[in-house]
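In: Got a sequence here, can you model it:
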Amino acid sequence: MNQKEIKELIDFLIEKDIAEFELERGDVKLRVKRGSQPLAVTSLSAPVATVVPAMQAVPVAHPISPPAPANAQAASVAAPAAPAGEDESAWQIVKSPIVGTFYESPSPGAPAFVKPGDSVTVGQVLCIVEAMKLMNEIESDYAGVVAKSYVTNGQPVEYGQPLFAIRPS
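Out: Numbers count the residues shown, from 1 in each chain. Just a heads-up that it's a prediction; the model follows:
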């Protein structure tokens, strides 16, 4: 992995607002993590250690702001509240298996795969998470009714972030 590839990767991570990223390619291991500090390489294997000084000299053109708290993002997605007496702890949570950008439909202008209130079956596509220009269909591991959607279309998602709550049928 050369200096130009690393800079392009960092620019992509900034563009997609990805907070943490790890890449292993053969004996090369690259980990980028950001918070309120500018992007920094936190771990790099010995074969490419000569890249580190040049990496630190690369200016970051965009100001970095910390990501919004997950509860604020979830609050921005209005979903019907649980009916009185319903046990939300019984809901099955579908989480993002990868870091990327959430898309609710197969293409712009197309209807969403699912929305709160829709019945779903095991294996049914719920959404797409785009990562590194690859569109990854996220399928339901549960059968039931979509009770809640935690993210909005085009929103960046982290690994393990809740996407949907499914009320078992």
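In: how many neighbours does residue 154 have?
Out: Applying other Cβ atoms under 10 Å, we find 11 residues neighbouring residue 154. Where C-beta positions appear, they are placed from N, C-alpha and C, glycine not excepted.
In: repeat for residue 88
Out: Neighbour tally, residue 88, other Cβ under 10 Å: 11.
In: ok, now residue 135?
Out: Using other Cβ under 10 Å, residue 135 has 13 neighbouring residues.
In: Quick check, pLDDT for it.
Out: At residue 135 the predicted local confidence, pLDDT, stands at 92.
In: Ok, residue 82 next?
Out: 50.
In: Show me where this protein has its strands.
Out: Assigned by DSSP state E, the chain shows strands spanning 20-25, 28-33, 40-44, 92-95, 100-103, 119-120, 125-131, 134-139, 144-149, 156-157, 162-168.
In: List the buried residues for the fourth one?
Out: For strand 92-95, a neighbour-count test (16 or more other Cβ atoms under 10 Å) marks 93, 94 as buried.
In: Contacts for that strand next, please.
Out: Contacting residues not belonging to strand 92-95 are listed as 126, 138, 140-142, 144, 160-166, 168 [Cβ atoms under 8 Å, 6 or more residues apart in numbering].
In: which stretches of the protein have low pLDDT?
Out: The model of the chain has pLDDT under 70 over residues 1, 35-86.
In: same for the longest helix along it, what does it pack against?
Out: Ranked by residue count, the top helix of the chain under DSSP state H comes out as helix 3-15. Applying 3 or more Cβ pairs under 8 Å, 6 or more residues apart in numbering; DSSP states H and E, one finds that helix 3-15 makes contact with strand 20-25, strand 28-33, helix 51-57.
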